[in-house]
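**Q** Would you be able to build a 3D model of this:
(chains A and B)
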Amino acid sequence: MSNTLLDFAAAIGSGAVRVVDLTFTLSPDFPVIVLPPEFGQAAPVRIQQISRYDDAGPAWYWNNLTFGEHTGTHFDAPIHWYTGKDLPNNSVDTLPVRDMIAPACVIDCSAQAAQDPDFLLTIPIVEAWEKQHGRIPERNWVLLRTDWSKRGWRDYANLKDDGAHTPGPDVAVMRWLVKERGVIGFGTETIGTDAGQAGHLDPPYPAHHFLHGGGRYGLQCLCNLDQLPPTGAVIVAAPLKIEHGSGSPLRVLALVPNS
Amino acid sequence: MIEPLKRPRRKNPLLRTRLPTSPPRARSRASHGFTLAAAEGRFMLQRCGACGTFAYPARDACPSCLSADLAFVDASRKGTLLSETTMRIPADVHFRERAPWRAGLVALECGPTMVAHLHADCQEGQPVTMSLQLDKSGQAIAFAHPERETPNMTDDKQWREMTADPKFRRVLVTNGRSAVGQEMVSALKAAGASIVFVGLAEPWKPFHGEEALRALEGVQIVPLDVGDEKSCTDLAADIGGKVDILVNTSEHIRAGGLLDRRGTSTVRDEIDQSYLGFVHLAQAFGPAMRFRGADGVNSAAAWVNILSVYALANWPAFGAYSASQAACLSMSHCLRAELRPSGVKVVNVFTGPLDTEWFQTVPPPKVAPRAVASAVVSALKRGLEDVFVGDVAEDIRQRLAANPKALERELGG
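**A** Predicted structure coming up:
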């Protein structure tokens, strides 16, 4: 076992295994989810300087941070949604650490998303992907590549007077991925795991509904998915250990064999 | 006859920026009655409650009957310029660098003779109209205007020292997303501001009026999220030296007080956007404005806060919002004191509920955003420090002065 791990470390050192950063920089100007104003809002990222080699601290630089659990590139735990509220180990401080490292299947829908901001991933699209790349194994992440992360912030949030228009999964595919494929989680490049208009689906927000109801996880605001192969990458996604936390910004890394 | 003010040329970067100086500041406690009047644009004198004599300068006993009952009351602004003196080489540093400077004696219609700074079109023997103004030290002085409007009247050199006229000045409006912000931009452009920088937080969120705002000439949209310290310092790094007037139109209005709200996230948002936003802006833009208080025709001139009148007395229906406004009001007095050596004015414009979405269920009278913008421009042009816009604001002020305890009970419902 130890030999395997050391081989793995050596592979990273030699570049045989590439480490791809799937994370946006946590910054105040990164768009956050917008709820109707009468609801509580996610606190935006704020970075307050404590000192920077100045009279508040002559030799050191450090900051105070505030942010909501669901800001920047972040992780959703099952407790985030009502469907997962009674599950065991459903918050970021209790979820099994072994779930934080898992392989990923990357489904490239960038062409469809470029044509239609309201593009929805469906079972036939995933089945077509499986014909080419094989059945999605259990306990894998499914990552939806849309190249949405390459857009400017306004097009990225894509807010219109009837809400956000961003791609995501439809109801059937989410139920199917959780129940029939046993995915460990679902990840997107957009602000949520659900489509911008997913509040109008039945049930609303199917990714949240089925993932968290099934004890699975969400990753959103991912980038660099275009650097991942359809299969074979391993995702390291370890959220902060926040007491009763419903999610957390985190560094998401993909380990990719350099073939 | 006054020459029209010329649009200032770009600064010669080889020349030192002149530092602000203050005219004499010392005043007696009694004469701060003039300060109060000047701050609100009123003309008030002491009048004896026993014999009715008007007194000037301010004093503690009636010059006619020695009664101590000398309250400040609104008085007639009319007078006649008895004599005029032009000071060519004053001993005082502040006036020396502004010389020649004209002052005179004005016989007031109501009795006393007053020492006044003179508008250039005031002539000996002619009638004048008086006002009380706050000078560059923040203290009250008397100012004599010609009785009737004269050409380019507001371009008078001495008058401009008393005001923060937007003409040819560069203004930062901190939030262009709101109705008040957008009306503010239009009003400032109409008042002759050479450029209006308009702050825009979260530019990825579309907003009503955006196209019209972007189409305005002489308007530059800049990234500014007042709740974010770095956003403020970043913008100040770019334009801090060009902001002559800052109008803080940031707002975060939510209904509710303490017990019917769960948790503190809304309170935090209110504090972040209102109070901390003010602090961030002040720390980012205040130092350069303080430095540029005497920087020529387009010197730094004023900082404007738009505050709810419920900063003065808590309105429990909007209780947490009132508290955030009270914090801003308190801090505005701190900023005013810290900017005073520079001659930069801090103007507080108090409004009742605005005719905007967040006060939808509040019955009229409500203040139109355009009325707030007009009041701000008027305050800048007249050199005021405290302005109450609309019936509700005026009503609250009067009830607070009459009986604060009664107002507390009445606002509590």
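**Q** Give me the distance between the residue located most distally from the centre of chain A and A:Arg18.
**A** Within chain A, A:Asp55 marks the point farthest from the mean C-alpha position, 40.1 Å out by C-alpha atoms, centre = their mean. To A:Arg18, A:Asp55 is 44 Å away according to C-beta to C-beta, to the nearest Å. Bear in mind the C-beta positions are built from the backbone N, C-alpha and C, glycine included.
**Q** same thing with A:Ser246?
**A** 32 Å.
**Q** cool, and B:Ile396?
**A** To A:Arg18, B:Ile396 is 66 Å away according to C-beta to C-beta.
**Q** More neighbours: the two, which one.
**A** B:Ile396 (23 against 16; other C-beta atoms under 10 Å in any protein chain shown).
**Q** How about the contacts made by that one?
**A** B:Val309, B:Tyr310, B:Leu312, B:Ala313, B:Gly352, B:Leu407 (C-beta atoms under 8 Å, 6 or more residues apart in numbering or on different chains).
**Q** Of all pairs in these, which one spans the longest distance?
**A** Farthest-apart pair in the contacts of B:Ile396 is B:Gly352 and B:Leu407; separation 13.6 Å (C-beta to C-beta).
**Q** So for these two, which residue has more residues nearby?
**A** Each of B:Gly352 and B:Leu407 has its neighbours counted (other C-beta under 10 Å); B:Gly352 has more, 24 against 21.
**Q** and the residue in the stretch 51-200 of chain A that chain B sits nearest to, what is it in contact with?
**A** For the stretch 51-200 of chain A, the residue closest to chain B is A:Trp153, as judged by C-beta to the nearest C-beta, at 3.9 Å. By C-beta under 8 Å, 6+ apart, the residues touching A:Trp153 are A:Asp29, A:Phe30, A:Pro31, B:Pro203, B:Trp204.
**Q** With B:Val196 instead?
**A** Taking C-beta under 8 Å, 6+ apart, we find B:Val196 in contact with B:Arg170, B:Val171, B:Leu172, B:Val173, B:Val185, B:Leu188, B:Lys189, B:Leu216, B:Gly218, B:Val219, B:Gln220.
**Q** in chain A, which ranges drop under the pLDDT threshold?
**A** Counting by pLDDT under 70, chain A contains low-confidence ranges at A:1-2.
**Q** Show me which residues of it are close to chain B?
**A** By the rule C-beta under 8 Å from any C-beta of the partner chain, the part of chain A lying against chain B is A:28-29, A:31, A:34, A:40-41, A:43-44, A:46-49, A:152-154, A:156-157, A:159-160.
**Q** Which of those are buried? Put it as a PyMOL command.
**A** Listed next is the PyMOL selection for buried residues among these, using 16 or more other C-beta atoms under 10 Å in any protein chain shown:
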select buried, chain A and resi 28+29+31+34+41+43+44+46+156+157+159
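**Q** Give me the pLDDT value at the closest residue to chain A within the stretch 51-200 of chain B.
**A** At 11.3 Å from chain A, B:Leu200 is the closest residue in the stretch 51-200 of chain B, using C-beta to the nearest C-beta. Reported pLDDT at B:Leu200 in the predicted model: 97.
**Q** and the residue of chain B found nearest chain A, how many residues sit next to it?
**A** Residue of chain B nearest chain A, by C-beta to the nearest C-beta: B:Trp204 (3.9 Å). Number of residues near B:Trp204 (other C-beta under 10 Å) recorded here: 18.
**Q** Relative to A:Phe67, how far out is the nearest residue to it once chain neighbours are set aside?
**A** With sequence-adjacent residues excluded and distances taken as C-beta to C-beta, 6 or more residues apart in numbering or on different chains, B:Trp204 is closest to A:Trp153, at 3.9 Å. Note on A:Trp153: its distance to A:Phe67, by C-beta to C-beta, is 17 Å.
**Q** Next, A:Ile47: secondary structure please.
**A** Classification of A:Ile47 by DSSP: H, G, I helix; E, B strand; the rest coil places it in strand.
**Q** How about B:Leu384?
**A** coil.
**Q** B:Ser299 touches B:Arg290, doesn't it?
**A** No: counting by C-beta atoms under 8 Å, B:Ser299 stays clear of B:Arg290, with 11.2 Å between them.
**Q** count of neighbours near residue 69?
**A** All of this refers to chain A. Using other C-beta under 10 Å, A:Glu69 has 20 other residues around it.
**Q** actually it's chain B I care about, not the one you picked
**A** Under the neighbour criterion other C-beta under 10 Å, B:Asp69 is assigned a count of 13.
**Q** For A:Gly192, which residues are in contact?
**A** A:Ile33, A:Thr166, A:Gly168, A:Ala198, A:Tyr205, A:Ala207, A:His208, A:Gln220.
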